[in-house]
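A.B. asks: next input, structure requested:
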Amino acid sequence: MIYVFCGLPSPHAMFVSRLGIDILRERFGDYHYIVANTLDQLRDGLAQRGERHALLYFDVPDDKICQSIVKHGVPTVLIVEPVEQAVLYSMQARSLSLLEALRFVSQSASALFPIASSETIVPLRLGTHAAELETLISRISLSLGFSLTTQNIQNILALYGQAGGAKATPLAEIIDERIEHAVEARSSASKLTKADRELISVAASNYDPLMSGEAVQRITWPVAMCLSGEKPHHGINGPVDMTGPARAMSFGPYMHLPSGNWRADVTFSVDKNFSGNKIVVDVLADGKIAALGKSPLPASGSFTVHLEFEVTRPHMPVEVRTFIGEGAIEGEFELVDVTLVRLDP
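C.D. replies: You can find the predicted model right below:
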């Protein structure tokens with residue numbers, strides 16, 4: 001039998017997956033541990049499994065892995081923790097910048113959506129029903145389709161110093177003690193700038209619902225996450241001088257979306273473009289140009305381009321790019337808003 005543990009890259013997911021190892025070892029003795037986000041990794045892991053029970057862990061799974069798990073009813077524990085905590089933990093545990101962590105967590109949430117939206121998989125949230133470690137152990141084992149004896153549970157609790165009538169340690173404290181970077185991740189929130197906290201807040205409003213299985217209808221990517229076409233390609237901050245050759249005005253933000261049909265609503269403004277120009281906007285998805293639009297650029301005003309496209313590989317980043325199609329001797333261009341609208345019912 002294969003048992004799946006998955007979730008955003010977060011302290012809770014790390015802890016529950018390690019607790020899952022202890023549960024399987026206690027219940028079955030010998031077992032095989034597989035970490036696989038791709039089909040090739042999964043095949044390699046299964047080839048080494050033999051006849052043993054296996055624990056499979058992933059956080060950015062290939063779409064076909066998700067589809068197979070849901071289709072065949074593989075026992076699955078989906079650990080759900082707020083996007084904010086996953087972002088902060090990824091920054092500490094993987095030494096990522098804020099933007100890199102936001103992209104990584106959006107990748108994980110998008111890839112896990114088929115599992116999160118499955119009617120047969122109940123998400124596991126710590127801190128609401130699991131006030132004690134013993135409660136969590138029982139809940140996990142039942143989610144996997146088997147029960148543990150009282151002695152099994154006591155043996156597992158002993159691994160955490162909680163057996164034999166010992167005073168129960170709050171689960172949050174156990175996680176802090178057992179998971180490296182958990183404490184630093186939580187405390188790092190106070191060190192962020194106001195602008196950084198706002199970026200995380202927007203990302204949370206966009207991607208937290210996905211982990212609850214909600215097919216989000218609108219996702220907004222803050223313009224500050226996009227990059228200026230002007231070297232050294234810093235984040236966008238206000239209007240950009242159009243003077244110069246035909247070139248990219250903005251690109252990025254390399255965030256991710258669940259599989260499905262989408263529409264990018266790209267709003268921009270232009271001013272003092274007296275000589276005229278052309279605007280080109282495209283969307284890169286699944287590693288290729290998925291949609292493209294061109295239009296004459298008026299002297300001034302605000303405009304929105306609507307581009308429809310499909311995502312079939314949620315682990316690949318999505319990029320929205322804007323270009324001026326001709327050289328300019330004057331004018332200002334400003335990217336105002338990038339909103340993604342789900343077209344699927």
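A.B. asks: tell me how far stretch 233-253 lies from the chain's centre.
C.D. replies: 27 Å (Cα atoms, centre = their mean, to the nearest Å).
A.B. asks: quick one: mean pLDDT over it.
C.D. replies: Mean per-residue pLDDT for stretch 233-253: 92.
A.B. asks: can you list contacts of that stretch?
C.D. replies: For stretch 233-253, the surrounding residues in contact (Cβ atoms under 8 Å, 6 or more residues apart in numbering) are 99, 103, 221-230, 269-271, 273, 277, 319-335, 338. Backbone N, C-alpha and C define where each C-beta goes, glycine included.
A.B. asks: how about 7 Å then?
C.D. replies: 221, 223-230, 273, 319, 321-335 (Cβ atoms under 7 Å, 6 or more residues apart in numbering).
A.B. asks: narrow those to those that are buried.
C.D. replies: 221, 223-229, 273, 319, 321-324, 328, 331-335 (16 or more other Cβ atoms under 10 Å).
A.B. asks: please, where are all the strands along the stretch 151-300 of the chain?
C.D. replies: Remark: strands assigned in the stretch 151-300 of the chain by DSSP state E, counting those that start in this stretch are 218-221, 227-228, 240-241, 247-251, 253-255, 260-271, 277-285, 288-297.
A.B. asks: so where is the protein shaky, pLDDT-wise?
C.D. replies: Applying pLDDT under 70 to the chain flags residues 127-131.
A.B. asks: hey, which of the strands of the stretch 151-300 of the chain is tucked in deepest?
C.D. replies: With neighbours defined as mean count of other Cβ atoms under 10 Å, the strands of the stretch 151-300 of the chain peak in mean count at strand 253-255, which reaches a mean of 23.
A.B. asks: any idea what residue 292 is bridged to?
C.D. replies: Here residue 292 shows beta-bridge partners residue 282, assigned using DSSP bridges.
A.B. asks: how close does it get to residue 285?
C.D. replies: 12 Å (Cβ to Cβ, to the nearest Å).
A.B. asks: residue 223 now?
C.D. replies: Taking Cβ to Cβ, one finds residue 223 at 19 Å from residue 285.
A.B. asks: same question for residue 296.
C.D. replies: 26 Å.
A.B. asks: check contacts around residue 304.
C.D. replies: 265-267.
A.B. asks: can you add distance to residue 121 and give those back as CSV?
C.D. replies: Formatted as CSV, those follow (distance: Cβ to Cβ, whole Å):
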residue, distance to residue 121
265, 32
266, 35
267, 37
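A.B. asks: return the member of the residues you listed nearest to residue 343.
C.D. replies: The nearest member of the contacts of residue 304 to residue 343, counting by Cβ to Cβ, is residue 265 at 11.6 Å.
A.B. asks: for residue 221, see how far away that closest one is.
C.D. replies: 11 Å.
A.B. asks: so what's residue 309 closest to, chain neighbours aside?
C.D. replies: Excluding its sequence neighbours, the residue lying closest to residue 309 (Cβ to Cβ, 6 or more residues apart in numbering) is residue 290, at 3.7 Å.
A.B. asks: identify the residues contacting that neighbour.
C.D. replies: 283-284, 309-310.
A.B. asks: can you list the residues you listed in a markdown table and add distance to residue 45?
C.D. replies: Shown next, in a markdown table, are the contacts of residue 290 (distance: Cβ to Cβ, whole Å):
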| residue | distance to residue 45 |
| --- | --- |
| 283 | 35 |
| 284 | 32 |
| 309 | 34 |
| 310 | 31 |
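A.B. asks: of the residues you listed, closest to residue 51?
C.D. replies: Nearest member of the contacts of residue 290 to residue 51, counting by Cβ to Cβ, is residue 310, at 41.3 Å.
A.B. asks: could you tell me how many residues sit around the closest one?
C.D. replies: Residues within reach of residue 310, counting by other Cβ atoms under 10 Å, total 14.
A.B. asks: ok, it touching residue 263?
C.D. replies: No: assessed by Cβ atoms under 7 Å, residue 310 is found out of contact with residue 263, at 10.5 Å.
A.B. asks: what about residue 133, how many residues nearby?
C.D. replies: 22.
A.B. asks: hang on, isn't it packed against residue 161?
C.D. replies: No: between residue 133 and residue 161 there is no contact under Cβ under 7 Å: 9.8 Å.
A.B. asks: which residues of this protein fall in helices?
C.D. replies: For the chain, the helices defined by DSSP state H cover 11-28, 39-47, 63-72, 83-93, 98-116, 133-143, 150-159, 171-178, 182-187, 194-211.
A.B. asks: for the closest residue to residue 89 other than its chain neighbours, list the residues it contacts.
C.D. replies: Using Cβ to Cβ, 6+ apart and skipping residues adjacent in sequence, the residue nearest residue 89 is residue 185, 4.1 Å away. Going by Cβ under 7 Å, 6+ apart, residue 185 touches 11, 85, 88-89, 92.
A.B. asks: can you say which of those are buried?
C.D. replies: 11, 85, 88-89, 92.
A.B. asks: closest one of those to residue 156?
C.D. replies: Taking the buried ones among the contacts of residue 185 together and measuring to residue 156 by Cβ to Cβ, the closest member is residue 11, at 19.3 Å.
A.B. asks: gap between residue 246 and residue 289?
C.D. replies: 17 Å.
A.B. asks: same question, residue 342
C.D. replies: Residue 342 is 20 Å from residue 289, by Cβ to Cβ.
A.B. asks: repeat for residue 220
C.D. replies: For residue 220 relative to residue 289 (Cβ to Cβ), the value is 22 Å.
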